[in-house]
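J.: need a structure here:
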Amino acid sequence: MSTFAKPENALKRAEELINVGQKQAALQALHDLITSKRYRSWQKPLEKIMMKYVELCVDLRKGRFAKDGLIQYRIVCQQVNVSSLEEVIKHFMQLSNEKAEEAKTQAQALEDALDVEDLEADKRPEDLMLSYVSGEKGKDRSDREFVTPWFKFLWETYRTVLEILRNNSKLEGLYAMTAHKAFQFCKQYKRSTEFRRLCEIIRNHLANLNKYRDQRDRPDLTAPESCQLYLDTRVEQLKIATELSLWQEAFRSVEDIHGLMSLVKRTPKPSVLVIYYAKLTEIFWISESHLYHAYAWLKLFNLQKSYNKNITQKDLQLLASSVLLAALSVTPYDNKYGASHLELENEKERGLRMANLVNFSLDSKRENREMCPVPFSGFKSISSL
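T.: Predicted structure coming up:
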């Protein structure tokens, strides 16, 4: 392990090693300094060292080193200079994103070059053998060789940053920003698997926040600013889930939002509720839950009529027509005649969960009827339009 009298000496030594092509040794030298117990109080040279450190981690795709260094730096500066940690993390994510985009551009350029040339004439024997054995096309190989490693590293970067920033009141703004960036990554590249994992990660973070209430620097969800950040993150999660057509995850996201609203016992902004009920209309339609679909439309209509001062009469009539058509699509009889007891119980539980999301009044004593649970009554508010 390298020892240095001053942090500046470690940075100087790392620069020397980089100049002679020994980036791994330079990274190790900086890692030894960052994890050393001698430098547990924040000072300005440490920020420059961390900037260089994350640059080396990105160049060498060393995600484990990056996580270790950022955890140590969080310990050093979270009580003294949180803004320094934010700058380092932003720099880390920016570099990772730039490398992924650069790899994608290079792969695209390679693909375009291959499309222009006469591949039959210019192919090398080893390329032909590889294509015959592996069955891969040029684009598949270029994606596997250039793009995939960098996008894996970018995904690992988002996971690392979220883990470092989780459940800290001083870092919750940056946590929300990172979550939004990760959602956009999943949307842009249609990463359904990673999106599900991301939702589960964020869900677990909130569960741990509620479980360990004596944690230091724990975010206070009753504070309006903190509550809004958590709600905005989950609303964005709901939007991406519906855009990716991940309806099961979208339903879970709605349950997350409803659970958060119930937890803080605070009515969200009308703009949040509008998105909430608009997405519920899509989810209930896909799931063929026509009664709840109609009720969600009614909730959306009432919200727009009460709070949207800029809505036109034409738009309001369109919303009213949607409520009417949704109500007419509700079947007067259920289709569960002859179903098994287990199926009926599962359907009952499913109905209760959906009713809870829209605050729908469900009569649990009348389980065996074939008629709809509650007659729909929402026409009074739209009859004048």
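J.: looking at residue 253 now. What's its pLDDT?
T.: At residue 253, the predicted lDDT confidence score is 94.
J.: count of residues packed around it?
T.: Residues contacting residue 253 under the criterion other Cβ atoms under 10 Å number 25. (Each C-beta comes from the backbone N, C-alpha and C, glycine too.)
J.: and it, how far from residue 357?
T.: In this structure, residue 253 and residue 357 are 11 Å apart, going by Cβ to Cβ, to the nearest Å.
J.: for the helix or strand containing residue 327, the distance to its chain's centre please.
T.: Taking DSSP states H and E as the definition, one finds residue 327 inside helix 313-328. In terms of Cα atoms, centre = their mean, to the nearest Å, the gap separating the centre of helix 313-328 from the centre of its chain is 33 Å.
J.: helices or strands up against it?
T.: Contacts of helix 313-328 with other secondary structure elements, assessed using 3 or more Cβ pairs under 8 Å, 6 or more residues apart in numbering; DSSP states H and E, are made with helix 290-307.
J.: and the helix it packs on, what's buried?
T.: Of the residues in helix 290-307, those with enough neighbours to count as buried (16 or more other Cβ atoms under 10 Å) are 290-304.
J.: looking at the residues you listed, which is nearest residue 219?
T.: Set against residue 219, the nearest of these by Cβ to Cβ is residue 303 (27.9 Å).
J.: quick check, the closest one in contact with residue 276.
T.: No. No contact is recorded between residue 303 and residue 276 when judged using Cβ atoms under 8 Å, the distance being 9.2 Å.
J.: quick one: contacts for residue 147?
T.: If you count contacts by Cβ atoms under 8 Å, 6 or more residues apart in numbering, residue 147 has them with 100, 103, 104, 107.
J.: next, the contact list for the third one, please.
T.: Residues in contact with residue 104, defined by Cβ under 8 Å, 6+ apart, are 146, 147, 150, 151.
J.: any idea how far the second one is from residue 231?
T.: Taking Cβ to Cβ as the criterion, residue 147 is separated from residue 231 by 35 Å.
J.: same question for the first one.
T.: Taken as Cβ to Cβ, the spacing of residue 146 relative to residue 231 amounts to 39 Å.
J.: of the two, which one has the most company?
T.: Neighbours of residue 146 and residue 231, each counted by other Cβ under 10 Å, are more numerous for residue 231; the result is 22 against 18.
J.: residues contacting the more buried one?
T.: 257, 260, 261, 268, 272.
J.: now the third one. Nearest residue, chain neighbours left out?
T.: Distances taken as Cβ to Cβ, 6 or more residues apart in numbering put residue 268 closest to residue 261, at 6.1 Å, once the chain neighbours are dropped.
J.: for the one you found, give me phi and psi.
T.: According to degrees, to the nearest 10, the main-chain angles of residue 268 amount to phi -70, psi 170.
J.: picking up where we left off before, only alpha carbons, please: show the helix holding residue 327 as CSV.
T.: Output for helix 313-328, consisting of C-alpha atoms alone and laid out as CSV, is shown next (Å, rounded to 0.1, in the frame of the first residue of the first chain):
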residue,chain,number,x,y,z
GLN,A,313,-65.3,23.4,-22.9
LYS,A,314,-64.5,21.1,-25.8
ASP,A,315,-61.9,19.2,-23.7
LEU,A,316,-64.3,18.9,-20.8
GLN,A,317,-67.0,17.5,-23.1
LEU,A,318,-64.4,15.0,-24.4
LEU,A,319,-63.7,13.9,-20.9
ALA,A,320,-67.4,13.6,-20.1
SER,A,321,-67.9,11.5,-23.2
SER,A,322,-65.0,9.2,-22.0
VAL,A,323,-66.7,8.8,-18.7
LEU,A,324,-70.0,7.9,-20.3
LEU,A,325,-68.5,5.4,-22.7
ALA,A,326,-66.4,3.8,-20.0
ALA,A,327,-69.6,3.4,-17.8
LEU,A,328,-71.5,1.9,-20.8
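J.: and the angle for that helix with helix 290-307?
T.: For helix 313-328 and helix 290-307, the angle between their directions (axes from the mean of the first three to the mean of the last three Cα atoms, to 10 degrees) works out to 160 degrees.
J.: in helix 313-328, what counts as buried?
T.: Taking 16+ other Cβ under 10 Å as the neighbour-count basis, helix 313-328 is seen to contain the buried residues 316, 319, 320, 322, 323, 324, 326, 327.
J.: residue 163 and residue 306, how far apart?
T.: Distance of residue 163 to residue 306, computed by Cβ to Cβ: 41 Å.
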